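>>> Generate coordinates for the sequence data below:
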Amino acid sequence: RKVSSLLPQARTKKEQQLEYCQARNDIKDGRFMTADVSEMFDLAALAIFKDFKDGMSEEEQEEELVLERGQLSQQLHHYLPHHWFKALANKKNNVRAQQLEDWERKVLRSFY
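Okay, here's the model as predicted:
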């Protein structure tokens, strides 16, 4: 087990999962900010990959994971900051749909 030089002892799987969940919540709740917005899409892609892999059997994990356009648009709110979606609430439907499509495209670009 690899031990970080910043930690006096190795973390358990439960501790790692807790830190992961806290980091995801920090992103969604806007407590994590970055000057480079592309990092948000990178983090979303990593979280999506983890969630997909966690839900797969060992046989399925050996197969290549392929995501297609339109597959994530209804789930982006689980991975991107909530305030982004609140800002879309008062937009016209076509503007909102275009923004979601743009975000999905950026997540997919980060995913691959």
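>>> Would you map the helices across this protein?
13-28, 38-54, 58-62, 82-88, 93-111 (DSSP state H).
>>> mean confidence score for the fourth one?
Taken as a whole, helix 82-88 carries a mean pLDDT of 93.
>>> then it to CSV, C-alphas only?
Taking Å, rounded to 0.1, in the frame of the first residue of the first chain, the C-alpha atoms of helix 82-88 are listed here in CSV:
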residue,chain,number,x,y,z
HIS,A,82,-25.1,23.2,-8.6
HIS,A,83,-24.8,27.0,-9.1
TRP,A,84,-24.1,26.3,-12.8
PHE,A,85,-27.6,24.7,-13.1
LYS,A,86,-29.2,27.4,-11.0
ALA,A,87,-27.9,30.0,-13.5
LEU,A,88,-29.6,28.0,-16.3
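>>> Please identify the buried residues of that helix?
Going by neighbour count (16 or more other C-beta atoms under 10 Å), the buried part of helix 82-88 is 84-85, 88. From N, CA and C alone the C-beta is placed, and that goes for glycine too.
>>> Just give me how far that helix sits from the chain centre.
Centroid separation between helix 82-88 and its chain, computed with C-alpha atoms, centre = their mean, to the nearest Å, is 16 Å.
>>> who's in contact with that helix?
28-30, 77, 95-96, 99-100, 103 (C-beta atoms under 8 Å, 6 or more residues apart in numbering).
>>> Tell me which two of these sit farthest apart.
Maximum pairwise distance in those, criterion C-beta to C-beta, is 24.4 Å, between 29 and 95.
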